[in-house]
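# structural data only, the sequence is not supplied:
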């Protein structure tokens, strides 16, 4: 079986769900600071980018590993599914693998995507669903 089709093991799922207390805390702020929003010493403005809490960086390093990557995910399809009520709560591990790929890749196209997904509660819902499935 290719690694692309391999689902994460119970231990790999447990490794992710162990982040629930940190990432899902009510007072958790995923973005420490936005850089580049103010002009530099030469008066030049740059595209702003976030500095994430180290917990967020470590989490997304974990989910960037092969077992969580769905090379066939369709971003538009995932975005539509996220608008469906209870989609995450009824997802399989394979569905969650696609969702995680959507979240990981989203940061490449939109700085702050990871932070938004955490603040909107999507990531916590995924982690809670993984806990149920494990």
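Alright, I've got the coordinates. These numbers come from a predicted model, not from an experiment.
# now the helices for this protein?
10-17, 20-23, 54-62, 75-82, 93-109, 113-119, 122-133 (DSSP state H).
# quick one: which of those helices is nearest residue 35?
helix 113-119 (13.2 Å; C-beta to C-beta). The way it works is simple: take the backbone N, C-alpha and C, and place the C-beta from them, glycine included.
# number of residues surrounding residue 90?
10 (other C-beta atoms under 10 Å).
# contact partners for the nearest residue to residue 91 once chain neighbours are set aside?
Using C-beta to C-beta, 6 or more residues apart in numbering and skipping residues adjacent in sequence, the residue nearest residue 91 is residue 129, 5.7 Å away. With contact taken as C-beta atoms under 8 Å, 6 or more residues apart in numbering, residue 129 is in contact with 88, 89, 91, 96.
# how about the first one, nearest residue that isn't a chain neighbour?
Which is residue 88. residue 125 (4.5 Å).
# repeat that for the second one.
Of all residues beyond its chain neighbours, the one nearest residue 89 is residue 129 (6.0 Å), with distances taken as C-beta to C-beta, 6+ apart.
# and residue 76, how far is that from residue 109?
Look at residue 76 and residue 109: by C-beta to C-beta, to the nearest Å, they are 13 Å apart.
# start and end of stretch 104-114, how far apart?
7 Å (C-alpha to C-alpha, to the nearest Å).
# before we move on, what about stretch 63-79?
19 Å.
# quick one: contacts of it?
3-4, 6-9, 12, 16, 62, 94, 97-106.
# now do it: distance to the chain's middle.
In terms of C-alpha atoms, centre = their mean, to the nearest Å, the centre of stretch 63-79 is found 11 Å from the chain centre.
# for the record, mean pLDDT for it?
Stretch 63-79 comes out with an average pLDDT of 93.
# buried set for that stretch?
By neighbour count, and taking 16 or more other C-beta atoms under 10 Å as the criterion, the buried residues in stretch 63-79 are 63, 67, 68, 69, 70, 73, 78.
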